[in-house]
Structure formats: structure tokens, C-alpha cells
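# Sequence and predicted model, in that order:
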Amino acid sequence: MTRSAQWLYGWLLLLPAMALLALFTHYPAVATLWHSFFSTPKGARPAVFVGLDNYRNLVEDPVFWQAFSNNLWFAAGTIPASIALALLMAVWVNGRIRGRGLLRLAYFTPTILPMIAVANIWLFFYTPEYGLLEQVTRSFGFGTHNWLGSQSTALACLMVVTVWKEAGFFMIFYLAALQSMSPHLAEAAAIEGASRWHFFRRVTFPLLMPTTLFVLVNAVINAFRLVDHVVVMTRGGPDNATSLLLYYIYEIGFRFWDSAYAAALTMVLLAILGLVALAQFAFLEKRTHYQ
Amino acid sequence: MSNGTQVYASRGATHALETAGAWVLGLLWMLPLVYAFWTAFHPAEFSTRFDLLAPLTLENFRRAWDAAPFARYFVNTVMLVTMVLAAQLVLVTLAAYAFARFEFPGRNLLFALVLVQLMVMPDVLIVENYRTMSALGLRDTILAIGLPYMASAFGIFLLRQTFKTVPRELDDAARVEGCGPVQVLWKVYVPLARPVYLAYALVSVSFHWNNFLWPLIVSNSVETRPLTVGLQVFSATDQGIDWSIITAATLLTTAPLLIAFLLFQKQFVQSFMRAGLK
């Protein structure tokens, strides 16, 4: 094939996908920045340039800061817990444990169910007085507690649901990595007299680093992307205790219809995701020496 | 599975302890689902009382089915999932082929632009995409729910990796026989990538069957709402506290996916693995 034919085919084959990507990923990302410098058009009043006003409002908005810190706590709580559990699950179901197939199924099932459906189930689980959680705690003699209705426990309840939903998903990737490891490593280590824990810490875990990185990036993105359970279980309440960034964007954009302020909020989210991407590239350089 | 687990398998007391731990965790993991099944299959008065002799009933399912247009929601979801998958398969195949086998200016830059979507998914750009859909006059259509996801960076990446492993000799042989580039794609690359297509299809279908926030925003009528949004509308309104009906509806809407998963467990798990390994 001639060079120009190569060019032409390449571009033509890419055209449909690139057009859609440009329209629904690149353009909206840039348009978000652009619109964040304007006011929200209201009725006959068109949008006017307001400079950094939306960002000034953002800095002075206590609800934004609350959603921001909630989201950081949410990430800090769910990411390490779901990754650690995923690793533990993978090691268990990779070993010779009785009922291994059933256990894999039990761990993985939450992954394929819609978040919205499992959130409904958990909502019932947490219901004051009637819910299973209350029944268990009361049978141990504790008083009744409104788990989702109190500011101190609501966010933790959402974290539990998220960890429950995600751990089995991440387990799959660890399981795949464990199964592709050479058995000679363990044999060699055993000859050297390494203990089981030592082998895990010095051989298995470092070899799983690329998987951990992949899972970590996914977990971070999910921590800022998934708010279905917030919509179903708490609607950001009580008193914004469970409002996460994307949920707050949804509220501002589609309940208060303040699209300019929502654009400024979206920029914060895009900045966070950008940082994640940069961190990933930085780590990618390092990780090559494991392979 | 002989991969070091033999040498370093736990033994004796440790093994018993670990088995117990794994099972406790497994039971905890199934508990919410078991609880939902209990509530859905028993009369309301047993929904929070556990009695092994409680009568079983399908009444909750019948009432849930009658209380909302779930049949229509099912049709909408199936239409959405099929449409998105069909479009994805075509677009992703063409783009991956271009990246894997053609030399053209701007290839690396364009590939980087594709990868942007791995980080900035359409889920995050709801405000601007809603504006676009309004401008296109597509608000409250099933097309609008699927459109932002049709060019999938994940799919392009996955398939490009696969196409790159196809031996050049096969490609050349087909060309010698007089196939054009598109015929080569169809006769050589696509058949060889079949397992990856299956993996991608399963991941895509379960993602779009479960997707919620964007459909919630852009759909606004019974004719367009997918199951997830329909379920939320149903349980958030006047159903209030009738948990038997809500759990029945919840199980109802997830049943096809759950049954498919139980039947094709191995394929599902392998597909998710394959999709993750890249």
C-alpha cells in the first residue's frame, strides 16, 4: 500500500470514533472550562462573562468544601479497604480451600449487580428498627440507632456498601495475576527456607505491583465517579454529610439548574482526575523494572 | 492450579483458621442478597421476622410488576444495551485496526486523545453533555443515553492490543489473495479476536445495564427510562416503606443479569480478567 493510501485509510477508519469522542469527551471538557467563566443564563437574560466569580463562590461555599472533604474521606476509607480485602480474597480462593468455587461466586456477585439495586437492598438493611443491622445490634442489647440518618455514621455506611461492591471486582484482577505466577518461584523460595509470610511480602506482593497499580487507579476513579448509592440512600444528607463532589455537581446542575456554577465544580473534579493521570504516568516509569 | 500455592499452602491450624475466615467473609458478602431474597419471597409480615416455616409467596413480585411499567423499562434497557454494544463493536473495531496496523501522521497524538476518556469518562461531564443533547434535540431519547458511550476508549485500547498480536504473515497472505484492507480486517483480524470481543461485550452489557446517573438525567418518560432509573422512580415515590415490594422489584430488575451470570459464571469471570489484563 502506498504511503498516502496508508494515511487515508488510517484517518478514515478513525473518523467515526474520533468524531464521537470529540463531541462527548473533548469538547465538553473544554466547554466546561469556558462556561465556568460565565453566568448561568436565566430566562431572557443571556450568560455574561463573569471572570472568576464562579470560582470565588466555590471557595466561599461551605457545602462545596464539605462535599470535597467527604469525597477525600470516602476515597481514603474505601480504596485501601477494598484493595486489601480484594487481595485477601484472591489469595484465599487461589489456595486449596474447601468450597473455593462457591466462595469466588459469593465475593464476585455484588460486582455484576447494579449499584442502584444493591443500594436499595442496603437501604433496607440499614433501616431503623426493622432493618437487619438493627435487629442484630438490638439482640446484643445495644439501643436503636439511625445509621443513615445521623451525620456521624451515614458516610461510613456508604463506604461499607462501596467496599462490599468493589472488593470482588478487584479480586478478579489479583486472582488472574496470581494464577499467572510461575510455581518455580515458590519452590525456589522454599528451598531457601523462606517463611510463608516472608515469601508473600518479598516475592508475591512486589510481583503483584502492576496489578495493584491498575486496581488503585480504578479505585480512585470510581471514588470520584460513582454516586448512584448517594442518590438512592441519602440524597447527600443528613445535612450534606454524605454529599460527594459528583453528587453535588448533579444537585447544582439538575436540581438548582445553575449550570455555570456546576461547570466550576466540574473543573475541580477534572483537576483531580488529571492529577490521578499524572501520578499514574509517574508510577508507570517506575513499574517497568518489575516486568 | 499449581502456582506456588502447593508449597506455601497453609497447613494445620492456620489452614482451619483461614478456611473459617474465608467462609465468614463469604457469608457476610452474601448476607444482603440472602436478606433481599427472604423479604421478596415472603409475605410482608415476615419481611423483618425470621421464621423457617414462613409461607413462600410470589405475590410481592406480582404487585411490583403491576405497580410500575417494568415491561416497558425492560424493553428500553434491552434496546439501549443492544444499540450501544452494536455501535461500540463497529467503531471500536475500525479505530483499533487503524491504530494497530496503519502508519499515518498524528497517530500517537490521536491515541493519547483516545486515552483521555479512560480518565474523564462521560459520567463526569454530565452538565455539558446535557447541554449538547438539548442543542441536538435528543433529550429524553434512548439514543441520547447511549451516544456518549459509543466511542469507547477502553474498547479501542483492548482491541488494539489484540490486533497487534496478529502475525503480519496472515495479513500479507490475505493481501496476496487480493483482499483489500477492510476485507483483511473482516477475514483475518475479527475472527482471531473473537474471545476478546466476547469479553468486551459482557463487560459493556453489564456496565450499561447497570448505569444510572446519566440515564437519570437525560431520560424523563416511561418510553425512554431504563430499568435502573425506573426502579429508582418506583422506590423513591409513594411505595414508601413497603420493603417486600421494593426488594421484589429490585430482584426483578436484576434477574436477567443475575441468571446470566450464574449460568455463564466462568465466561464472566474470565472476561473481566481479560479486560483487566489488557
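Structure received. Numbering: from 1, shown residues only, chains lettered A, B, ... in the order given.
# Which stretches in the stretch 1-150 of chain A count as helices?
Counting by DSSP state H, counting those that start in this stretch, the stretch 1-150 of chain A has these helices, from start to end: A:3-21, A:27-35, A:53-60, A:62-94, A:100-112, A:115-126, A:132-139.
# Save those helices as a markdown table, and put in mean pLDDT too.
As requested, the helices of the stretch 1-150 of chain A are exported to a markdown table (pLDDT from 0 to 100):
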| stretch | mean pLDDT |
| --- | --- |
| helix A:3-21 | 91 |
| helix A:27-35 | 94 |
| helix A:53-60 | 91 |
| helix A:62-94 | 93 |
| helix A:100-112 | 87 |
| helix A:115-126 | 86 |
| helix A:132-139 | 77 |
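# Pick the most deeply packed of these.
Comparing these by mean neighbour count (mean count of other C-beta atoms under 10 Å in any protein chain shown), helix A:115-126 comes out on top with a mean of 25. Bear in mind the C-beta positions are built from the backbone N, C-alpha and C, glycine included.
# who wins for proximity to B:Ala249 among the helices of the stretch 1-150 of chain A?
For the helices of the stretch 1-150 of chain A, the distance to B:Ala249 is smallest for helix A:115-126, at 8.3 Å, taking C-beta to C-beta.
# Is the closest one positioned near chain B?
Yes - counting by C-beta under 8 Å from any C-beta of the partner chain, chain B is contacted by helix A:115-126 at A:115-118, A:120-122, A:124-125.
# Report the distance from that helix to the chain centre.
Chain-centre distance of helix A:115-126: 18 Å, with C-alpha atoms, centre = their mean, to the nearest Å.
# Could you export stretch A:216-234 as PDB, CA atoms only?
What follows is stretch A:216-234, C-alpha atoms only, in PDB (Å, rounded to 0.1, in the frame of the first residue of the first chain):
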ATOM      1  CA  LEU A 216      -5.600   1.500  42.500                       C
ATOM      2  CA  VAL A 217      -6.200   3.800  39.600                       C
ATOM      3  CA  ASN A 218      -9.600   2.200  39.000                       C
ATOM      4  CA  ALA A 219     -10.500   2.500  42.700                       C
ATOM      5  CA  VAL A 220      -9.500   6.200  42.700                       C
ATOM      6  CA  ILE A 221     -11.500   7.000  39.600                       C
ATOM      7  CA  ASN A 222     -14.500   5.100  41.000                       C
ATOM      8  CA  ALA A 223     -14.300   7.000  44.300                       C
ATOM      9  CA  PHE A 224     -14.900  10.200  42.300                       C
ATOM     10  CA  ARG A 225     -17.200   8.800  39.600                       C
ATOM     11  CA  LEU A 226     -19.800   6.600  41.400                       C
ATOM     12  CA  VAL A 227     -22.600   8.400  43.300                       C
ATOM     13  CA  ASP A 228     -25.500   6.100  42.500                       C
ATOM     14  CA  HIS A 229     -25.700   5.000  46.100                       C
ATOM     15  CA  VAL A 230     -25.800   8.600  47.300                       C
ATOM     16  CA  VAL A 231     -28.800   9.300  45.100                       C
ATOM     17  CA  VAL A 232     -30.700   6.200  46.400                       C
ATOM     18  CA  MET A 233     -29.600   6.000  50.100                       C
ATOM     19  CA  THR A 234     -29.100   9.500  51.500                       C
END
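# Return the mean pLDDT over the helix or strand where B:Leu33 lies, rounded to an integer.
When elements are assigned from DSSP states H and E, B:Leu33 belongs to helix B:12-41. Mean pLDDT, computed over helix B:12-41, is 86.
# pLDDT value on B:Thr254, please?
86.
# Please disregard the earlier target; I meant B:Pro215.
Predicted confidence (pLDDT) for B:Pro215: 95.
# is the helix or strand where it lies up against chain A anywhere?
For B:Pro215, the enclosing helix or strand under DSSP H and E is helix B:213-218. Yes - residues of helix B:213-218 are located near chain A by C-beta under 8 Å from any C-beta, namely B:213, B:216-217.
# Are we agreed that A:Val160 is in a helix?
Yes - checked against DSSP: H, G, I helix; E, B strand; the rest coil, A:Val160 lies within a helix.
# what about residue 203, how many neighbours?
I'll assume chain A. Using other C-beta atoms under 10 Å in any protein chain shown, A:Val203 is surrounded by 18 other residues.
# nope, chain B please
Neighbour count for B:Val203, taken as other C-beta under 10 Å: 20.
# does it sit in a helix, a strand or a coil?
Going by three-state DSSP: B:Val203 is helix.
# which SSE is whatever residue of the stretch 51-200 of chain A ends up closest to chain B in?
At 3.0 Å from chain B, A:Ala186 is the closest residue in the stretch 51-200 of chain A, using C-beta to the nearest C-beta. If you go by DSSP H and E, A:Ala186 is part of helix A:183-191.
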